[in-house]
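Enquirer: sequence and computational prediction follow.
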Amino acid sequence: MLVDTGSCERILHACHHGRSENGCADCKVRLISVCSVLELTELEELEALSHHLTLDKGQTLFGQDEPAGAVFNVIEGALRLTRLLPDGRRQVMGFALPGDFLGLALQERYAVSAEALGPARTCRFGREDFAAVIEAKPHLLRSLHERAGYELNLAQEQMLLLGRRTAEEKVAAFLLSLRDRYARTGRASITVELPMGRQDMADHLGLTIETVSRILNRLDRAHAVLLVPGGVRLIDLPRLERIAAS
């Protein structure tokens, strides 16, 4: 059915039970998500509480300050996480990739907006239902704590990026961090997909789009990277790592 969100339409599908291609047991990101600690019978229990949510590019999963009534596990695609500042400026807080959980914070309202950068699929759980499962399964709670620690590290890296680093250091560190995040999902490659545009990168790194473009072109000319359609190939990893560590 179609769910009216005010700003877009989101297509909601009930998950199929059992070991279907759409079920939790066959989920593409289960082994890298918090659900990895669950046994098959526990997955079936969790699956009964879930729905698949399909988004097209530009559609909003949830908006900043909306009531936080659900949590979401990203299955496919990528989402941009943004926060609108009091002066009207937009800050890109980060990017959600497959395996990431969204909405786990305890606030009553979402602190950011989540928007699909391209076709995306998520698994949606009602917050109260998900909380009840966590309370009954301490091993799932431990997995969530590990996830929270991982997300805290990402937040600390973002603070460092916005700190005293030069523009070139910020861009190099961002590319390496994205490579590591993809590798964590089983997509290790020297070619890093960039589902976000350069304006998104600029807003995330506290730079202008012109500066991001200039740095990428400079790294390309120096043969540290190779710009390819939809991404960037990391040619000289030692050099990029030296730049990022400066």
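Expert: Done, it's in.

Enquirer: so where's this structure shaky on pLDDT?
Expert: Scanning the chain for pLDDT under 70 picks out 1-46, 106, 136-137, 139-162.

Enquirer: what is the residue nearest to the spatial centre of it paired to in the beta sheet?
Expert: In the chain, the centroid-proximal residue (C-alpha atoms, centre = their mean) is A96; its distance is 0.8 Å. Note on A96: beta-bridge partners L79, judged by DSSP bridges.

Enquirer: right, and it touches N73 too?
Expert: No - proximity of A96 to N73 does not meet the contact threshold set by C-beta atoms under 8 Å, at 9.9 Å. Quick note: C-beta positions are derived from backbone N, CA and C, even for glycine.

Enquirer: quick check: neighbours shared by the two?
Expert: Common neighbours of A96 and N73, using C-beta atoms under 8 Å, 6 or more residues apart in numbering, are L102.

Enquirer: can you name the residues that contact the residue nearest to the centre of the chain?
Expert: Neighbour list for A96: V74, A78, L79, L81, L102, A114 [criterion: C-beta under 8 Å, 6+ apart].

Enquirer: check which helix or strand covers the last one.
Expert: Mapping A114 onto the secondary structure by DSSP states H and E places it in strand 113-116.

Enquirer: quick one: strands adjacent to that strand?
Expert: strand 60-62 (antiparallel), strand 79-84 (antiparallel).

Enquirer: tell me which of these is the most buried.
Expert: Counting by mean count of other C-beta atoms under 10 Å, strand 60-62 has the highest mean neighbour count of the strands paired with strand 113-116, with a mean of 22.

Enquirer: returning to that earlier point: identify the farthest-apart pair in the contacts of A96.
Expert: Farthest-apart pair in these is A78 and L102; separation 11.9 Å (C-beta to C-beta).

Enquirer: coming back round to it: what comes into contact with the strand holding A114?
Expert: Outside strand 113-116, the residues that touch it by C-beta under 8 Å, 6+ apart are 55-64, 72, 77-84, 96, 102.

Enquirer: how does this protein divide into domains?
Expert: Following the TED database, one finds the domains of the chain at 30-156, 165-245.

Enquirer: now the shortest one: how far from the chain's centre is it?
Expert: Meaning domain 165-245. 17 Å (C-alpha atoms, centre = their mean, to the nearest Å).

Enquirer: what's the span of it from first residue to last?
Expert: For domain 165-245, the separation between the terminal residues is 9 Å (C-alpha to C-alpha, to the nearest Å).

Enquirer: now do whichever strand or helix holds H52 against strand 79-84, angle only.
Expert: Element membership of H52, judged by DSSP H and E, is strand 50-55. Orientation check (axes from the mean of the first three to the mean of the last three C-alpha atoms, to 10 degrees): strand 50-55 against strand 79-84 gives 80 degrees.

Enquirer: what's the separation between T54 and C123?
Expert: 11 Å (C-beta to C-beta, to the nearest Å).

Enquirer: looking at these two, which is more packed in?
Expert: Using other C-beta atoms under 10 Å, the more surrounded residue of T54 and C123 is C123, with 25 against 17.

Enquirer: can you list the buried residues in stretch 58-69?
Expert: Q59, T60, L61, F62, G63, A68 (16 or more other C-beta atoms under 10 Å).

Enquirer: all helices of the chain, in order?
Expert: 40-47, 127-136, 138-161, 167-184, 198-205, 209-221, 237-245 (DSSP state H).

Enquirer: give me the contacts around stretch 185-196.
Expert: Applying C-beta under 8 Å, 6+ apart, the contact partners of stretch 185-196 are 29, 32, 77-78, 80, 92, 95, 97-99, 117-118, 175, 178-179, 182-183, 201, 204, 228, 230-235, 237.

Enquirer: can you pull the buried residues of that stretch?
Expert: So, applying 16+ other C-beta under 10 Å, buried residues of stretch 185-196: T185, T191, V192, E193, L194, P195, M196.
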